[in-house]
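Undergrad: Below: sequence and its predicted model.
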Amino acid sequence: MNKKGFTLIELMIVMILLGVLATIGITSFISSQIKGRDATRKGDLRAIASALEMYYTDKGLYPVGSSGSITGCYTSAGATGICGKDYPIFKDSITSGAIWMAKFPVDPVSSQTYYYVSANGSQFQLYAHLENNQDPQCLQANCINPTVLLCGGSGVLCNYGVASANIQP
């Protein structure tokens, strides 16, 4: 009797191997996405910090913060408001019309935000929430105990920051 085909054991081994490979592939893909979003956040905060330094050079102080946001951004139609998706242009409309940032960045996850602190205009701190708890640049040892500042809804706490040269994040 000459049977052609696979035995049940052979099929099960192949299915288990495919499952393991799929799990590894999906895990790596998700990890890459998280690291990519975190890299975007870090780059965004550096870009905002650079724009804030240009603002400071022009004005002699940092912009006022309001509930964790930078005020003084505009739409293309000229309306003013809190910097972000709805008011993306960070510029000076009063004097020279200097544009410090043509498109203000927003967090890659729509439910999260960047947090800005400037108590008296002499210094600033910017914060974001990194998804990778093992990132070596987190504010605390391993991102587990972040600051109490909210970087989004549902209790998303800030755990990464940049600041002006005269203060720590």
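TA: Nice, thanks for sending it over. Numbers count the residues shown, from 1 in each chain.

Undergrad: what residues are up against the residue nearest to the spatial centre of the chain?
TA: Taking Cα atoms, centre = their mean, the centroid of the chain lies closest to Arg41, which sits 2.9 Å from it. Taking Cβ atoms under 8 Å, 6 or more residues apart in numbering, we find Arg41 in contact with 107-108, 114, 128-130, 160. (Glycine included, C-beta is placed from N, CA and C.)

Undergrad: same thing but at 6 Å, please
TA: For Arg41, the residues meeting the contact criterion (Cβ atoms under 6 Å, 6 or more residues apart in numbering) are Ala128.

Undergrad: mind checking how far it is from Ile30?
TA: 17 Å (Cβ to Cβ, to the nearest Å).

Undergrad: Quick one: name whatever helix or strand follows whichever helix or strand Leu52 is part of.
TA: Element membership for Leu52, per DSSP states H and E: helix 8-59. Heading C-terminal from helix 8-59, the first helix or strand you meet, by DSSP H and E, is strand 65-66.

Undergrad: That next one pairs with which strands, and in what direction?
TA: Counting by DSSP bridges, the strands paired with strand 65-66 are strand 69-74 (antiparallel).

Undergrad: Now tell me what touches stretch 42-59 from outside.
TA: Contacts of stretch 42-59 (Cβ under 6 Å, 6+ apart): 62-63, 90, 98, 100-101, 105, 124, 126, 128, 162.
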